[in-house]
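> All I have is the shape, not the residue letters:
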């Protein structure tokens, strides 16, 4: 993979078309104006007022999320699924041998 220069956008943005959405930061502290999501057993807050898209996340002990999500900050991107498929095929996998020239998403 080619190294990018300081002034260039990351490949995910420049070539793949992904858009930044938020930074998710786990916390044990109660979040001001947090919103509880009962079926996922966690609270979120801060995203709607953060100019940088920071989303604080506080998990119940029995939340179904993986421990990694519960304990390590993450960056989230918005992606177009058709574009993701093309990226995965062209950048990481062997080209598919499809019986047709186009792939139709349903």
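In hand now; what should we look at? Bear in mind that the values here come from a model prediction, so they are computed numbers and not experimental data. Numbers count the residues shown, from 1 in each chain.
> now the strands for this structure?
Along the chain, counting by DSSP state E, strands occupy 19-26, 35-37, 42-45, 54-59, 74-78.
> Pick out the shakiest of those strands, pLDDT-wise.
Per-stretch mean pLDDT for these is lowest at strand 74-78 (a mean of 88).
> ok, and what's touching it?
Contacts to strand 74-78, defined as C-beta atoms under 8 Å, 6 or more residues apart in numbering, come from residues 12, 18, 19, 20, 21, 22, 23, 24. For every residue, glycine as well, the C-beta is placed using N, CA and C.
> and the third one, what is it in contact with?
Listed by C-beta under 8 Å, 6+ apart, the contact partners of residue 19 are 13, 77, 78, 79.
> what comes into contact with stretch 65-72?
24, 26, 40, 42, 57, 59, 63.
> Make a markdown table out of these and add distance to residue 50 and neighbour count.
What follows is these, written out as a markdown table (distance: C-beta to C-beta, whole Å; neighbours: other C-beta atoms under 10 Å):
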| residue | distance to residue 50 | neighbour count |
| --- | --- | --- |
| 24 | 11 | 18 |
| 26 | 15 | 17 |
| 40 | 20 | 14 |
| 42 | 18 | 20 |
| 57 | 13 | 24 |
| 59 | 19 | 19 |
| 63 | 22 | 17 |
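> between those, which is closest to residue 5?
The closest of those to residue 5 turns out to be residue 24 (C-beta to C-beta; 28.7 Å).
> Isn't the closest one up against residue 58?
No. In this structure, residue 24 is not within contact of residue 58 by C-beta atoms under 8 Å, at 11.2 Å.
> Need the overlap of contacts for these two.
In terms of C-beta under 8 Å, 6+ apart, residue 24 and residue 58 are not both contacted by any residue.
> Is the residue positioned nearest the centre of the chain bridged to anything, and to what?
The chain has residue 76 as the residue nearest its centroid, 2.7 Å off, counting by C-alpha atoms, centre = their mean. Residue 76 has these beta-bridge partners by DSSP bridges: residue 22.
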